[in-house]
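> just to be clear, the model below is a prediction. Sequence and coordinates:
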Amino acid sequence: MIRVRLGASTLAAVALALACCAPSGSAPSSRAQSATADTGVTLAENSGPTLVVLSLDPAEPGANTVQIDVHDATGAPIPGSVRVDGSLDGAQIVSATLPTAAHRAALAIAHSGRAEFRATVLDGKGAGATVSFALDVQAGRAQESTLGDIDRAMLSLRTMRETQTLTSGGPPLVFHFEYLAPDRVRYTTLSPTGQLTETRLIGRDRFDREAGGPWTHTDLGFPTRVPFSAYAHDATRVRVIGHDRDGGQDILELAFVQAPGTYYRLWVGAQDHLVRHYVMMAQGHYMTGAYSDYDAVLAIAAP
């Protein structure tokens, strides 16, 4: 994802949202990672403040293991029972209540196909949390260079727009960004109460205003630099889990983990390596977003 370097912000939520987009060295992280082996696939989704993480190993036809981990918004594990139901091309492959801390079950996958899983937390702090996952079994391990190719493509852009929604399980914040390399950003933030704020970053200058009011100026103390993309940093369990089309181009759905405990899904052009949209799940940071208008004509000026 694109990251903008920010100093102290009058909008703490904005800084938080941008930090979520960073590679694992600076992104928020959960206290535990579902799987450590660089095989299989790991997917994560939130249900309110509860984060449910599903790991399938080896995610190929034959004997498999499915594991469910449940965390609260602080990253702490949530004990209790979890029910998992799964199918392959509509035929049931697992239906079990997992009462132990491991939340692990064995299952057999007869052939390649579209697998769907539903996990429901039955008791404890996360009781009632339900999430669903879907993936193509044996769509294939991503080539070793895939995430690096994505980083290079995103870093080569001069302009782009991004829409981003961020929540920790409660009301969401909605952001609209415009990026102009090498050092200009404009974004608006819509709070859950409907208040709109606008920020412009130009070099080391920051300009803010709330609800169309007067602008305030601060010195960041360092220059803004955009774009920034580091998906390949510390990435494990990189898998192609689906395919789609966007106009005349194939779209790959990728899943991977950035240690520790940051879970990504990306929808990426197979030919141009540009990210169309994404899901990123980490400790108390549940984010979705989309990029558009690559290298469109943009102008970002000081107010």
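Looks like it came in fine.
> confirm Thr288 sits in a strand?
Yes - secondary structure of Thr288 (DSSP: H, G, I helix; E, B strand; the rest coil): part of a strand.
> could you give the number of residues near it?
The criterion is other Cβ atoms under 10 Å. On that basis, Thr288 has 16 neighbouring residues. For the C-beta atoms, the positions are set from N, CA and C on the backbone; glycine is no exception.
> His103 now?
Neighbour count for His103, taken as other Cβ under 10 Å: 28.
> also Phe256?
24.
> with the one 10 residues further on instead?
Burial measure for Leu266: 21 neighbouring residues, criterion other Cβ under 10 Å.
> hang on, isn't it packed against Ile150?
Yes - counting by Cβ atoms under 8 Å, a contact exists between Leu266 and Ile150, whose distance comes to 7.3 Å.
> who touches both of those two?
In the contact map built from Cβ atoms under 8 Å, 6 or more residues apart in numbering, the residues linked to both Leu266 and Ile150 are Tyr231, Val275.
> quick check: pLDDT value at Ala15.
The score at Ala15 is 39. That number is its pLDDT.
> show the subsequent helix or strand relative to the strand or helix carrying Ser132.
When elements are defined using DSSP states H and E, Ser132 is found to belong to strand 130-137. Towards the C-terminus, the helix or strand next in line after strand 130-137, according to DSSP H and E, is helix 146-155.
> show me where the stretch 101-250 of the chain dips below the pLDDT cut-off.
Of all residues in the stretch 101-250 of the chain, those with pLDDT under 70 make up the ranges 101.
> which residues in it form strands?
Assigned by DSSP state E, counting those that start in this stretch, the strands in the stretch 101-250 of the chain fall at 104-109, 113-121, 130-137, 159-167, 173-180, 184-190, 196-202, 205-210, 216-219, 235-246, 249-258.
> so what does the longest one touch, helix or strand wise?
The reference is to strand 235-246. Strand 235-246 makes packing contacts with strand 41-47, strand 130-137, helix 146-155, strand 249-258, strand 262-269 when contacts are defined by 3 or more Cβ pairs under 8 Å, 6 or more residues apart in numbering; DSSP states H and E.
> can I get those in JSON lines including distance to Leu190?
Converted to JSON lines, these look like this (distance: least, Cβ to Cβ, whole Å):
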{"stretch": "strand 41-47", "distance to Leu190": "20"}
{"stretch": "strand 130-137", "distance to Leu190": "25"}
{"stretch": "helix 146-155", "distance to Leu190": "25"}
{"stretch": "strand 249-258", "distance to Leu190": "28"}
{"stretch": "strand 262-269", "distance to Leu190": "24"}
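> I'd like to know which of the strands of the stretch 101-250 of the chain lies nearest to Asp72.
Closest approach to Asp72 among these (Cβ to Cβ): strand 113-121, 10.8 Å.
> out of the helices and strands packed on strand 235-246, nearest to Thr74?
For Thr74, the closest of the helices and strands packed on strand 235-246 is strand 41-47, at 13.2 Å, according to Cβ to Cβ.
> centre of the chain to that closest one, how far?
In this view, strand 41-47 has its centroid 10 Å away from the chain centroid, taken as Cα atoms, centre = their mean, to the nearest Å.
> rewinding a little: and the helices and strands packed on strand 235-246: which comes nearest Tyr291?
For the helices and strands packed on strand 235-246, proximity to Tyr291 was assessed by Cβ to Cβ; helix 146-155 is nearest, at 8.3 Å.
> need the contact partners of that closest one.
Under the criterion Cβ under 8 Å, 6+ apart, external residues in contact with helix 146-155 comprise 2, 227-232, 235, 238, 254, 256, 266, 268, 272-275.
> what are the buried residues along that helix?
Of the residues in helix 146-155, Thr146, Leu147, Gly148, Asp149, Ile150, Asp151, Ala153, Met154 count as buried by neighbour count, 16 or more other Cβ atoms under 10 Å.
> how distant is it from the center of its chain?
Here helix 146-155 is found 16 Å from its chain centre; the criterion is Cα atoms, centre = their mean.
> same question for stretch 177-187.
Averaged over its C-alpha atoms, stretch 177-187 has a centre that lies 21 Å from its chain's centre (Cα atoms, centre = their mean).
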